[in-house]
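> model the structure of this input:
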Amino acid sequence: MSSVLITGANGLVGRTVCRTLTDHGHEVTALVRRTDGVLDGLRVWQHGASNFDQLSAAWPRDLAPDCVVHLAARVHVMRDDSPDPDAAFYATNVEGTLRVARAAHSHGARRFVFVSSIKAVAECDEGVPIAESARALPSDPYGRSKLAAEEALWRLSEETGLEVVVVRPPLVYGPGVGANFLQMMNAVWRGIPLPLGRIEAQRSLVYGGNLAHAIMQCATDARAANACFHVSDGQDLSVAQLLDSLGRHLGKPARLIPVPPGLLRFAGAITGRTAQMERLTTSLRVDSSLIRARLDWHPPFSVDDGLEATARWYRATH
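From the prediction side, this is the model:
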């Protein structure tokens, strides 16, 4: 049994990681800004600063985790209204991450698992699934902040001996999902015609239950020390395939219109939605073979399992 501190424990991924760890007999402490959404039965530590200022000084004397899983972050949004997005992301995702890592090390943690993002590397795969060794060229403030945090953690590991594990997921879905994935589900449920029937570009996804299982292994397996892992479901889908599958699980067949991708990109350019159309019409596949080979990790849930669970949640709550 390991003792694990989880930041962002009341988020979409955080709740699932907490449940997965406790179900496997590990001791979990939830570090959160607000206590709403935290699973019952967990030890909860509330710290209100988004950049984790004064975290080390506030550290409970009786808290000595073996590992810290850092999920809390300033997340990617389509329309960021911050006057300086790079600075805002840097303050939370780089400086805040380092405060947590330094505090964890000074209070006895041996390992720090940082949940980064495939956006730290790229927004498209250039024809080849993205491996951990690929050159990182993030294209937005969120991706740049995640890459900067990774690099800062590797330096901290060299200085202190703290074991660092970086996990880079692609799009995460599951019960409680929001943002674009939820908008897609809303459109399918309402029978809105979608001009996405001709998009063949494929995207990697990861179900929250699979990501949580991989994070648990990264937190507890000695073979994961000082490594970076890409994690996915292992089955890539086009947008059209994803919508078809969601429609099947929702009991509401997706209404897909076969519009050429080039026309969609043109429409995006004249409506100020170029970035959104590029994401829809280009592939972003990740190579998750390293974690499978090194840690003998295999996703416990299929894509179909994950989409069914997500659709079941949607039907129950919307």
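
> next structured bit after the helix or strand of the chain at the bottom of the mean pLDDT ranking?
Every helix and strand of the chain was ranked by mean pLDDT, DSSP states H and E. The lowest is helix 274-281, at a mean of 80. Next along the chain after helix 274-281, taking DSSP states H and E as the criterion, comes helix 289-295.

> if you count contacts, what does that following helix end up packed against?
helix 208-220, strand 227-230 (3 or more Cβ pairs under 8 Å, 6 or more residues apart in numbering; DSSP states H and E). Any C-beta I mention is one placed from the backbone N, CA and C, and that applies to glycine too.

> hey, which of those is tucked in deepest?
helix 208-220 (a mean of 25; mean count of other Cβ atoms under 10 Å).

> other SSEs contacting that one?
helix 12-23, strand 67-70, strand 111-115, strand 163-168, strand 171-173, helix 289-295, helix 303-317.

> between those, which one is closest to residue 187.
helix 303-317 (12.0 Å; Cβ to Cβ).

> picking that back up, for residue 207, which of the helices and strands packed on helix 208-220 is the nearest?
helix 303-317 (3.1 Å).

> mind putting the helices and strands packed on helix 208-220 in CSV, mean pLDDT, distance to residue 203 and mean neighbour count included?
Shown next, in CSV, are those (pLDDT from 0 to 100; distance: least, Cβ to Cβ, whole Å; neighbours: other Cβ atoms under 10 Å):
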stretch, mean pLDDT, distance to residue 203, mean neighbour count
helix 12-23, 96, 18, 22
strand 67-70, 98, 25, 26
strand 111-115, 98, 19, 26
strand 163-168, 98, 15, 23
strand 171-173, 96, 7, 22
helix 289-295, 98, 18, 16
helix 303-317, 97, 11, 17
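
> of all these, which lies closest to residue 190?
Comparing the helices and strands packed on helix 208-220 by Cβ to Cβ, helix 303-317 comes nearest, at 11.9 Å.

> format the CA atom coordinates belonging to the closest one as CSV.
The C-alpha trace of helix 303-317 is given here as CSV (Å, rounded to 0.1, in the frame of the first residue of the first chain):
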residue,chain,number,x,y,z
VAL,A,303,-13.3,2.7,-26.2
ASP,A,304,-16.8,1.3,-26.5
ASP,A,305,-16.9,0.8,-22.7
GLY,A,306,-15.8,4.4,-22.1
LEU,A,307,-18.3,5.9,-24.5
GLU,A,308,-21.1,3.8,-23.1
ALA,A,309,-20.3,5.0,-19.6
THR,A,310,-20.1,8.6,-20.8
ALA,A,311,-23.4,8.3,-22.6
ARG,A,312,-25.1,6.6,-19.6
TRP,A,313,-23.9,9.6,-17.4
TYR,A,314,-25.2,12.1,-20.0
ARG,A,315,-28.6,10.4,-20.2
ALA,A,316,-28.9,10.4,-16.4
THR,A,317,-27.8,14.0,-15.8
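
> give me the contact list for it.
173-177, 185, 189, 205, 207-210, 233, 235, 237, 242, 245-246, 249-251, 301 (Cβ atoms under 8 Å, 6 or more residues apart in numbering).

> can you give me how far stretch 169-182 is from the chain middle?
9 Å (Cα atoms, centre = their mean, to the nearest Å).

> which intervals of this protein have sub-threshold pLDDT?
76-82 (pLDDT under 70).

> for residue 45, give its distance to residue 9.
Separation of residue 45 from residue 9 (Cβ to Cβ, to the nearest Å): 9 Å.

> which residues are in contact with each of the two?
30, 31, 32.

> and the next element down the chain from the helix or strand containing the second one?
Element membership for residue 31 (DSSP H and E) is strand 27-32. Along the chain past strand 27-32, the next helix or strand (assigned with DSSP H and E) turns out to be strand 43-46.

> what residues does the following helix or strand past that following strand touch?
The helix or strand immediately downstream of strand 43-46 is helix 55-58, counting by DSSP H and E. Here helix 55-58 makes contact (Cβ under 8 Å, 6+ apart) with 47, 49, 99, 100, 102, 103, 106, 107.
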